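[1] Give me a 3D structure for the following:
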Amino acid sequence: MSSHAPTPYLRTLYIGALIVLLVMGVRATFGLFMQPMGTAHGWGRDVFSMAFAIQNLVWGIGCIFFGMLADRYGAGRTIVLGAILGTLGLIGMRFATDELSLYLTAGVLVGLGQAGTTFPVILPVVARAVPAAYRSTAMGIASAGGSLGQFAVVPTGQLLISSMDWTGAIWVLSMLVAVGAPLAYFVRGKPETQRGEHSLKTAVRQAVADRSFHFLFWSYAVCGFHTAFITLHLPAFLVDGGLTATHGATAIAFIGLFNVFGCFYAGKLGERLSKKTLLAGVYFLRAFGILFLIALPTTPLVAYLFAAWMGVFWLGTVPLTQGLIGQIYGLRYAATLSGIVFLGHQIGSFIGVWMGGYVYQTTGSYTIVWWAGIVLAVVAAVLCLPIKEQARAIPAPA
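    The predicted structure is shown next:
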């Protein structure tokens, strides 16, 4: 992004990226807690997988309503509410003693917190603040915040668990999420209302009637399937293969590190090339990384090479998908429309993490889920190609 961009734009961009960094970084640590919490409470992987699945589904549904809040009342208040709910959810997770309390805290409250503090709320603010010439790159930078958080926070989370036990680690991580509340002051604001502007209902109806919107929705579901399953289950998969918990945490961190570059260049390339073609390429190339992992013996080198490859394509879908929403449907109701499409992402996340836990408990292996991920990667690539990237005509207000 050019250094000629005015300072207020950069402040919005970097503070938005920092909020995403903290929240997504903490989220990426959840797989590290599966084994110590399971041992402490006698929970199988299916129990923790269900909690994470509920979290992802609530996150997706919540994004629609938090997107409406951001479009109507501004992003600042929305982010504060999200940060409070996320913090309460993590603290509640610390004191969860049965499956129901785990589902309500780590599942429902944390999911709502993420809905108010992540991409569907943050990226439209960035898109409106930054000049159109920089918009795609800016969203790539903001998305990279989530990846940088994964790189920085996951090893920190493993270190905290080793030194403070999982109970102490949750207290520290909850404080990181709480930091999002004061930071919200710097990304406050809402879309300007124009005279004769069409309504939210009209905008949603127009989008839902468009085939391209459905292609974005269901391809994004595949992204959720991959990222949620890998985030939660990769550390356990590597331990099953003879590696250590540190190897698992390092692999998750590597995904985040390499996706810093992946997000940035996805956004940068999206300024010059077809976003739908780039999106199809991202999904298709993910399949090769999964095939590489399951075809070779589980070693640290294989784990880290897989993490690096997947990292390049990890959240590169976010600036491209969000960019297409703004490009096709405009920015006035971008937070709401982004929230609806993100629900697709989270339906995929729910299926991925639940399927991972269920298949493992049933078969003692993740093999079926890995192969499902390969097939779905190809399906998502095919879904992206028919998307029509041209801006839609705005219907006149009734």
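[2] pLDDT weak spots in the stretch 1-150 of the chain?
    1-8 (pLDDT under 70).
[3] now the helix or strand containing W370, how far from the chain's geometric center?
    Per DSSP states H and E: W370 is located in helix 367-384. On the basis of C-alpha atoms, centre = their mean, to the nearest Å, the separation between the geometric centre of helix 367-384 and that of its chain is 18 Å.
[4] In that helix, which residues are buried?
    V369, W370, A372, G373, I374, L376, A377, A380, A381, L383, C384 (16 or more other C-beta atoms under 10 Å). Yep, even glycine has a C-beta here, placed from its N, CA and C like the rest.
[5] Could you tell me the model confidence score at G357?
    We note a pLDDT of 88 for G357 in this prediction.
[6] in terms of contact, does it touch A51 like I think?
    No: taking C-beta atoms under 8 Å as the contact criterion, G357 and A51 are not neighbours in contact, 9.6 Å apart.
[7] The two: who's more crowded?
    A51 (31 against 27; other C-beta atoms under 10 Å).
[8] Which strands or helices does the helix or strand A236 falls within pack on?
    When secondary structure is defined by DSSP H and E, A236 falls within helix 211-240. Applying 3 or more C-beta pairs under 8 Å, 6 or more residues apart in numbering; DSSP states H and E, we find helix 211-240 packed against helix 30-41, helix 45-73, helix 245-270, helix 275-295, helix 300-313, helix 317-329, helix 334-363, helix 367-384.
[9] buried residues in the fifth one?
    Same thing as helix 300-313. For helix 300-313, a neighbour-count test (16+ other C-beta under 10 Å) marks V302, A303, Y304, L305, F306, A307, A308, W309, M310, G311, V312, F313 as buried.
[10] With the second one instead?
    Under the neighbour-count criterion of 16+ other C-beta under 10 Å, helix 45-73 has 45-64, 66-72 buried.
[11] again, but for the fourth one
    Along helix 275-295, the positions that meet the burial threshold by neighbour count (16+ other C-beta under 10 Å) are 275-287, 289-291, 293-294.
[12] What of the first one?
    Within helix 30-41, the residues that qualify as buried are F30, G31, L32, F33, M34, Q35, P36, M37, G38, counting by 16+ other C-beta under 10 Å.
[13] ok, now which ones touch T298?
    Shown here is T298, whose contacts under the criterion C-beta atoms under 8 Å, 6 or more residues apart in numbering are F237, L238, G241, G242, L243.
[14] Distance-wise, check it relative to L234.
    11 Å (C-beta to C-beta, to the nearest Å).
[15] which residues sit in contact with F284?
    A377, V378, A381.
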